[in-house]
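>>> I'd like to go over a predicted model; first the sequence, then the structure.
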Amino acid sequence: MFPVLFWSALPGRACCQIINRFFTSEMKSKPVSPARYLESLNINKMRFGLEAVTELLSRLGNPQKSYKTIIIGGTNGKGSTAAMTASILRSAGYRVGLYTSPHLVDVRERIVVGGRKISRKDFGRMVEVVKYKIQKPVTYFEFLTALAFVYFQEKKVDIAVLEVGLGGRLDATNVCAPLVSVITNIDFDHTAYLGSTLEAIAREKAGIIKPKGICVTAARQKKVLAIFQNVCRRRQAGLHTLGRDIKIKKQSADLFTYDGSHRHLENLSIPLRGEHQQANAALALAAAEICEEKGLTVSDAAIRTGLEKTRWAARLEVLLEKPLFILDGAHNPGGVEALCRSLQKDFSYRHLILIFGALADKDFRWMLKKIAAYADTILLTPLKTERAASIIDMSEALRKTGSTPLITENVTQAIEKALALAGKNDLICAAGSFYLAGETKQAFPKIAVCDNKKSK
């Protein structure tokens with residue numbers, strides 16, 4: 001393809017640009033599957049900066065400017081909050097686009113309109129539309145973000161709910177003018193990209209707060225809130241915080257009360273398990289109230305129905321009843337802490353059998369140390385990604401806690417082993433990574449809902 005001497009003499013960035021341009025030209029000249037084209041973009045490549053996605057969207061006619069938007073960032077709970085917000089607005093009668101990441105099984109899960117993910121036919125067609133507008137190299141996430149914006153425009157959505165991929169300030173989703181910016185919480189994650197302190201991470205997340213906009217957050221750390229307050233002051237933006245401007249009160253294990261800017265609602269319920277989901281629901285309700293202030297109509301009935309109809313996979317999701325098998329996307333310290341609280345409060349069981357697999361760039365040592373205190377048996381499994389933590393490293397980390405793991409060759413084997421060990425009163429929990437969640441869903445084809453016939 002290229003002479004070896006010429007290739008080896010090129011700097012790394014130039015090599016990446018040539019590869020990207022080569023694949024783009026090849027894909028333009030030859031019909032290829034959407035999957036193969038996306039593979040050429042490398043799902044693991046990350047980039048901070050808006051230049052490439054802004055240029056691509058400009059060539060596409062800036063579709064993100066043709067409808068209203070809500071942007072949702074934070075460390076944990078972004079997807080759940082986005083799903084609840086979209087469900088509420090859909091119940092209010094609006095045509096809603098929902099863009100989230102990562103996907104579990106099928107990339108089409110990321111792009112949803114009216115509660116249904118993009119069809120294979122439309123996805124393939126949209127890949128071609130976006131692909132032929134590329135002039136500068138783009139990443140996998142930038143490409144999919146542009147594709148979602150174009151698809152939402154074509155489907156004439158009234159509003160799009162956008163989940164930030166990584167950080168906020170320089171994330172590809174941060175090219176819109178949202179009605180409200182939501183920051184769920186701030187914790188340690190992606191420290192190599194966002195910074196090693198909560199303050200540094202908060203500054204990156206605060207990048208989604210727009211001039212004269214409105215931010216809603218459930219963050220509670222004083223130093224984090226101080227940063228948000230300073231950013232809002234400089235940008236003349238409003239700041240609504242959970243616990244001060246928005247309040248929730250737990251009524252029972254399943255019900256809670258919400259007090260917002262102009263609404264008091266009792267006996268609210270959500271199908272998503274875990275007390276932390278009530279905080280996410282409060283943010284979704286606050287976002288809906290702000291949308292009302294901006295001209296949308298959202299009734300109390302729409303809020304109740306929207307919350308009750310919310311579906312979101314891999315968040316304490318029950319895959320099997322006997323024995324009880326739950327799947328959770330906990331993949332960082334904050335997520336594991338929330339999972340451990342739920343294991344204590346929301347489930348009753350004799351023994352806990354944990355299936356664990358994680359990415360090498362996550363703090364899996366801390367995660368294992370935390371959750372090992374709750375598990376009677378821990379099965380470690382490798383994941384099908386080059387980013388996976390090694391079994392050796394996870395085993396060493398676990399043995400330092402005094403636990404001896406069971407080693408499995410893959411996720412399917414781990415599930416089979418866990419089911420063989422579990423008694424009728426035991427609980428099996430798979431957690432540690434969204435990659436693990438995706439592989440686990442694939443092992444339950446009758447339960448997974450990512451490929452229903454309606455979407456074809």
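Nice, thanks for sending it over.

>>> when you work out contacts or count neighbours from here on, use the C-alpha atoms and nothing else.
Will do.

>>> verify the stated contact: residue 284 with residue 87.
No: here residue 284 does not reach residue 87: they are 9.5 Å apart, not a contact under Cα atoms under 8 Å.

>>> can you list the domains in this protein?
The chain resolves into domains spanning 4-41, 62-94+158-308, 317-442 when parsed by automatic domain parsing.

>>> from residue 241, how far off is residue 257?
As judged by Cα to Cα, to the nearest Å, residue 257 and residue 241 stand 16 Å apart.

>>> if we can go back for a sec, mean pLDDT lowest for which of the domains of the chain?
Mean pLDDT values for the domains of the chain show the minimum at domain 4-41, a mean of 59.

>>> tell me what residue 112 is bridged to.
In this entry, residue 112 is beta-bridged to residue 98, residue 117, by DSSP bridges.

>>> what's the burial count for it?
22 (other Cα atoms under 10 Å).

>>> what do you get for residue 234?
Residue 234 has 11 nearby residues by other Cα under 10 Å.

>>> which stretches in the stretch 101-250 of the chain count as strands?
111-113, 116-117, 159-163, 180-183, 214-217, 238-241, 247-250 (DSSP state E, counting those that start in this stretch).

>>> want to try a markdown table for the ones you listed, with distance to residue 132 as columns?
Converted to a markdown table, these look like this (distance: least, Cα to Cα, whole Å):
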| stretch | distance to residue 132 |
| --- | --- |
| strand 111-113 | 20 |
| strand 116-117 | 23 |
| strand 159-163 | 24 |
| strand 180-183 | 32 |
| strand 214-217 | 36 |
| strand 238-241 | 40 |
| strand 247-250 | 48 |
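
>>> of those strands, which stretch is the most buried?
strand 180-183 (a mean of 28; mean count of other Cα atoms under 10 Å).

>>> which other residues reach that one?
Strand 180-183 is contacted from outside by 69-74, 78, 205-206, 208-210, 213-219, 283, 287, 290-291, using Cα atoms under 8 Å, 6 or more residues apart in numbering.

>>> what lies in contact with stretch 108-124?
Against stretch 108-124 from outside (Cα under 8 Å, 6+ apart): 33-34, 87, 90, 95-103, 148, 152, 155, 157, 450, 455-456.

>>> let's see 6 Å
Stretch 108-124 is touched from outside by 34, 95, 96, 97, 98, 99, 100, 101, 103, 455, 456, with contacts defined as Cα atoms under 6 Å, 6 or more residues apart in numbering.

>>> can you give me the end-to-end span of it?
Stretch 108-124 end-to-end distance (Cα to Cα) = 10 Å.

>>> what does stretch 112-125 give?
Counting by Cα to Cα, the terminal residues of stretch 112-125 are separated by 16 Å.

>>> pull out the buried positions in that stretch.
Residues of stretch 112-125 classed as buried: 112, 113, 114, 115, 116, 117, 118, 119, 123 (neighbour count, 16 or more other Cα atoms under 10 Å).

>>> let me have those residues in JSON lines, extended by distance to residue 348.
JSON lines is the format used below for the buried residues of stretch 112-125 (distance: Cα to Cα, whole Å):
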{"residue": "112", "distance to residue 348": "35"}
{"residue": "113", "distance to residue 348": "37"}
{"residue": "114", "distance to residue 348": "36"}
{"residue": "115", "distance to residue 348": "32"}
{"residue": "116", "distance to residue 348": "34"}
{"residue": "117", "distance to residue 348": "34"}
{"residue": "118", "distance to residue 348": "38"}
{"residue": "119", "distance to residue 348": "39"}
{"residue": "123", "distance to residue 348": "42"}
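
>>> now, which of the residues you listed sits nearest residue 174?
residue 112 (18.6 Å; Cα to Cα).

>>> could you measure from that closest one over to residue 155?
Relative to residue 155, residue 112 is positioned 10 Å away (Cα to Cα).

>>> and what of residue 268?
31 Å.

>>> compare neighbour counts for these two and give me the winner.
Neighbours were counted for residue 268 and for residue 155 using other Cα under 10 Å; residue 268 has more, 19 against 13.

>>> ok, now which ones touch the more buried one?
255, 256.

>>> and it, bridged to which residues?
Using DSSP bridges, the beta-bridge partners of residue 268 come out as residue 256.

>>> now the buried residues of stretch 112-125 as JSON lines including pLDDT and distance to residue 197?
Output for the buried residues of stretch 112-125, formatted as JSON lines (pLDDT from 0 to 100; distance: Cα to Cα, whole Å):
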{"residue": "112", "pLDDT": "98", "distance to residue 197": "34"}
{"residue": "113", "pLDDT": "98", "distance to residue 197": "37"}
{"residue": "114", "pLDDT": "98", "distance to residue 197": "39"}
{"residue": "115", "pLDDT": "97", "distance to residue 197": "37"}
{"residue": "116", "pLDDT": "98", "distance to residue 197": "38"}
{"residue": "117", "pLDDT": "98", "distance to residue 197": "37"}
{"residue": "118", "pLDDT": "98", "distance to residue 197": "38"}
{"residue": "119", "pLDDT": "98", "distance to residue 197": "41"}
{"residue": "123", "pLDDT": "98", "distance to residue 197": "39"}
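
>>> nearest to residue 199 among those?
Nearest to residue 199 among those is residue 112, at 33.4 Å by Cα to Cα.

>>> relative to residue 398, how far out is the closest one?
39 Å.

>>> just want the angle from the helix or strand containing residue 85 to strand 159-163.
Using DSSP states H and E, residue 85 sits in helix 78-91. Counting by axes from the mean of the first three to the mean of the last three Cα atoms, to 10 degrees, helix 78-91 lies at 170 degrees to strand 159-163.

>>> and helix 78-91, what does it pack against?
Contacts defined by 3 or more Cα pairs under 6 Å, 6 or more residues apart in numbering; DSSP states H and E place helix 78-91 against helix 276-293, helix 300-308.

>>> may I have that helix exported as CSV, CA atoms only?
Presented in CSV, the C-alpha positions along helix 78-91 are these (Å, rounded to 0.1, in the frame of the first residue of the first chain):
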residue,chain,number,x,y,z
LYS,A,78,-26.3,10.0,32.6
GLY,A,79,-28.0,7.2,30.6
SER,A,80,-30.7,6.6,33.2
THR,A,81,-31.5,10.3,33.5
ALA,A,82,-31.6,10.7,29.7
ALA,A,83,-33.9,7.7,29.3
MET,A,84,-36.3,9.1,32.0
THR,A,85,-36.2,12.6,30.5
ALA,A,86,-37.0,11.2,27.0
SER,A,87,-39.8,9.0,28.3
ILE,A,88,-41.4,11.9,30.1
LEU,A,89,-41.3,14.2,27.0
ARG,A,90,-42.6,11.3,24.8
SER,A,91,-45.5,10.8,27.2
